[in-house]
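Asks: curious how this folds, go ahead:
(chains A and B)
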Amino acid sequence: MTPAGWIFMLSSITFVVCLITFCFYRVLMKPTSANHMHAPIEIDTRDKDT
Amino acid sequence: MSKPREQWGTRVGVILAVAGSAVGLGNFLRFPGVASQNGGGAFMIPYFCALIFLGIPICWAEWIMGRHGGQRGYNSCPAIFGVLGRRPVWRYFGVLGLLIPIGVYMYYVLIEAWCLGYAWSFLTGRIDLGADATQFAARSSDYFDAFVGGNQNGLMMRGGLQISVLFWIITFSINFLLIYRGISKGIEYFCIRAMPLMALCAVIVLVRVLTLGTPDPGQPELNVITGLGFMWNPQGRDGGAWYTSLLNAETWLAAAGQIFFSLSVGFGIIVNYASYLRRKDDIVLSGLTAASTNEFFEVALGGLITIPAAFVFLGAVGAATTGTFDLGFRTLPVVFMYMPAGRLFGFLWFFMLFLAAITSSLSMLQPAIAFLEEGLGIGRRASVTLLGLITALGSGFVIYFSQGLVALDTIDFWVGTAFIFVLAMVEVILFSWFFGVERGYQEAMQGAELRIPGIWKFIIKYVSPLFLIVVFVFWCKDNLPDRIRALGSPEQQVPLLSVCLLGVLTVFLLILIHLASRRWNGTPAAAIEARAEGAV
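Replies: Below you'll find the predicted structure:
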């Protein structure tokens, strides 16, 4: 394995690992969006207005 | 009262389903071979360029088209193309979005059955290559030919139930059982469990390969580091400097082709899957996450397992095996025979390939199911039955004409390669030039958790179509003449029969689209837009 081979291998793997880590971090950072596809229905029942 | 729309249950579910659709045998068997033959590590430069300028932009476009169509009550390519192009004629172009998944499924489910059959054979010790290591390669090849009936047509349907046919029945049934359960309870439920399990199996095999060291002290040059070097050392053209491979157009074409097939763009599957999203659901980050998951499986797992393992035990000759089937089903069983605890790792490897294949094959059925349901107005049970009949007949054709896998290869060439290019070009042109890039960008930004760079508009309108056309023209120049000659060969009738089968299927689907089109024409445009306004 040549030094250039190491560089290409490690940089390629680092790139895809960083990309997937970034993406899943962003997805999972919001537990509600990760676990539930849809935003909760916003219904104002006005029961706290009084 | 109309029945409620099907929808994904969770966001991770849709991401893993799309990623599962993309991750397949090509990630583990095709990518390493293509990379090592096209410059090794240097191949990664055009590969990542193709990912950025071709793969991800088209992926996003497909997600946008799918969600847009879904908001208007449609889930199938013909209907969504009609909505995007605003003319009924576009629906007929959508035939490719049905033909490709159905056609690919007909042979892909068979390969999936081989993977499960090989996993079972390793687990139970059915694969016995004998004690003479010099005969391993020949015996492995014989085993594969016997398993798939490669020596003669009709072998798989003669003399009782063959084991590969038994596994075909099992995989075919699992696929249709899951698809019958629907998007959330079938596809999503399965992918959420199968994808982590697949990653686990791949990591276990990877750790085993990377810790092989030097298995034969008598041949110290055959070690895992030199195996990695065989895959990753940048190679130049004709022994020149490594960057000379970048001056070769074939390297760029190979990279574009690999990205293209790996991400499953041009299948019509992402369009269908994204149509089950809601208007405010994110598609930008989800699309990028699915693509990055595919890249992780391909580069970080596929790139480290197959070629180094083959090199360690078989040397450069074994590692240089070309062709997905030769590498996967003839060479790797020999590698597992040499490997300590090879039966266990052979089982894990082929079970992982089975999971990769089934998450892909599931996605191939849903576009047609969606079309039959919304186009013909028939229920899920009827549409699953009809599709089951069509795909069983097509798959039976591939099983019967097993000699040299000619039928499989022919259908793969036309449907699994050529038509994918055509559909991708249709999608990009429809999206960029008829639907409108600016409109598409605004659509993408609804609910987006990541901003698409503005340059994407230029890339998807000019760079991606040009890139696709150039790659397609070169690909046609290299491949079409031989294939067209094969159709006229008096000695070999199977290629012509296979193309006739595809022709009949295309005509049948066009008739169904025509019937569906008459049904859809009854829905006023204002009512379709009202659905989108009402969608949350």
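Asks: what's around the residue lying closest to residue B:30 once chain neighbours are set aside, how many residues?
Replies: Leaving aside its chain neighbours, residue B:30 sits nearest to residue B:324 (5.3 Å; criterion: CB to CB, 6 or more residues apart in numbering or on different chains). C-beta here means a position set from N, CA and C on the backbone, and glycine is covered the same way. For residue B:324, the neighbour count with other CB atoms under 10 Å in any protein chain shown is 18.
Asks: separation between the closest residue to chain A within chain B and residue B:317?
Replies: For chain B, the residue closest to chain A is residue B:41, as judged by CB to the nearest CB, at 2.7 Å. Per CB to CB, to the nearest Å, residue B:41 is found 21 Å from residue B:317.
Asks: same check, this time on residue B:326
Replies: Residue B:326 is 12 Å from residue B:317, by CB to CB.
Asks: neighbour count for those two, which is higher?
Replies: Just comparing residue B:326 and residue B:317: by other CB under 10 Å the higher neighbour count belongs to residue B:326, 15 against 11.
Asks: assign a three-state SS to the more buried one, would you?
Replies: Classification of residue B:326 by DSSP: H, G, I helix; E, B strand; the rest coil places it in helix.
Asks: got it, and residue B:153?
Replies: Reduced to three states by three-state DSSP, residue B:153 is coil.
Asks: I'd assumed residue B:400 was in contact with it.
Replies: Yes - taking contacts as CB atoms under 8 Å, residue B:153 lies within contact range of residue B:400: 6.4 Å.
Asks: show me the shaky parts of chain A.
Replies: Filtered on pLDDT under 70, chain A yields the residue ranges A:31-50.
Asks: what ranges does it have for its strands?
Replies: In chain A, no segments count as strands under DSSP state E.
Asks: now it against chain B: closest residue?
Replies: With CB to the nearest CB as the measure, residue A:8 is the residue of chain A nearest to chain B, at 2.7 Å.
Asks: and that residue, what is it in contact with?
Replies: With contact taken as CB atoms under 8 Å, 6 or more residues apart in numbering or on different chains, residue A:8 is in contact with B:40, B:41, B:42, B:44, B:232, B:233, B:234.
Asks: what is the burial count for residue B:73?
Replies: The number of residues packed near residue B:73 is 21, by other CB under 10 Å.
Asks: tell me which element it falls in.
Replies: Using DSSP states H and E, residue B:73 is not contained in any helix or strand.
Asks: now the helices: where do they sit in the stretch 401-536 of chain B?
Replies: Ranges of helices in the stretch 401-536 of chain B, per DSSP state H, counting those that start in this stretch, are B:406-413, B:419-429, B:437-445, B:455-458, B:464-487, B:494-521, B:525-534.
Asks: and what of chain A?
Replies: A:3-29, A:31-35 (DSSP state H).
Asks: got CSV for the helices of the stretch 401-536 of chain B, with mean neighbour count and mean pLDDT too?
Replies: Converted to CSV, those look like this (neighbours: other CB atoms under 10 Å in any protein chain shown; pLDDT from 0 to 100):
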stretch, mean neighbour count, mean pLDDT
helix B:406-413, 22, 93
helix B:419-429, 21, 92
helix B:437-445, 16, 95
helix B:455-458, 15, 94
helix B:464-487, 15, 88
helix B:494-521, 17, 95
helix B:525-534, 12, 67
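Asks: turn those into a markdown table, columns for distance to residue B:185.
Replies: Converted to a markdown table, those look like this (distance: least, CB to CB, whole Å):
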| stretch | distance to residue B:185 |
| --- | --- |
| helix B:406-413 | 31 |
| helix B:419-429 | 29 |
| helix B:437-445 | 29 |
| helix B:455-458 | 35 |
| helix B:464-487 | 36 |
| helix B:494-521 | 26 |
| helix B:525-534 | 24 |
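Asks: so which of these gets nearest residue B:62?
Replies: Proximity to residue B:62, assessed across those by CB to CB, is greatest for helix B:419-429 (6.5 Å).
Asks: which other helices and strands contact that closest one?
Replies: Judged by 3 or more CB pairs under 8 Å, 6 or more residues apart in numbering or on different chains; DSSP states H and E, helix B:419-429 is in contact with helix B:56-71, helix B:96-124, helix B:249-262, helix B:464-487.
Asks: run the last query once more with 7 Å
Replies: Here helix B:419-429 touches helix B:56-71, helix B:96-124, helix B:464-487, going by 3 or more CB pairs under 7 Å, 6 or more residues apart in numbering or on different chains; DSSP states H and E.
Asks: nearest to residue B:447, of those helices?
Replies: Nearest to residue B:447, of the helices and strands packed on helix B:419-429 and by CB to CB, is helix B:56-71 at 9.0 Å.
Asks: for the closest one, packing partners?
Replies: Of the remaining helices and strands, those touching helix B:56-71 by 3+ CB pairs under 7 Å, 6+ apart are helix B:77-85, helix B:269-274, helix B:284-295, helix B:419-429, helix B:437-445.
Asks: got the angle for that helix vs helix B:437-445?
Replies: When axes from the mean of the first three to the mean of the last three CA atoms, to 10 degrees is applied, the directions of helix B:56-71 and helix B:437-445 differ by 80 degrees.
Asks: can you list contacts of helix B:56-71?
Replies: Residues from elsewhere that reach helix B:56-71 (CB atoms under 7 Å, 6 or more residues apart in numbering or on different chains): B:79-80, B:83-84, B:263, B:265, B:270-277, B:279, B:283-284, B:287-288, B:291, B:424, B:427-428, B:431, B:440, B:443-444, B:452, B:456, B:459-460, B:464, B:531-532, B:535.
Asks: what do you get for stretch B:29-36?
Replies: The contact list for stretch B:29-36 (CB under 7 Å, 6+ apart) reads B:43, B:230-231, B:254, B:258, B:262, B:298, B:302-303, B:306-307, B:322, B:324, B:327-328.
Asks: just the buried ones from those?
Replies: Buried members of the contacts of stretch B:29-36, scored by 16 or more other CB atoms under 10 Å in any protein chain shown, are B:43, B:230-231, B:254, B:258, B:262, B:298, B:302-303, B:306-307, B:324, B:327-328.
Asks: ok so, going back, okay if I get the contacts of residue A:8 as JSON lines plus neighbour count?
Replies: Shown next, in JSON lines, are the contacts of residue A:8 (neighbours: other CB atoms under 10 Å in any protein chain shown):
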{"residue": "B:40", "neighbour count": "25"}
{"residue": "B:41", "neighbour count": "28"}
{"residue": "B:42", "neighbour count": "25"}
{"residue": "B:44", "neighbour count": "23"}
{"residue": "B:232", "neighbour count": "30"}
{"residue": "B:233", "neighbour count": "22"}
{"residue": "B:234", "neighbour count": "21"}
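Asks: most widely separated two among the residues you listed?
Replies: Of all pairs drawn from those, the greatest distance, 11.9 Å, lies between B:44 and B:233 (CB to CB).
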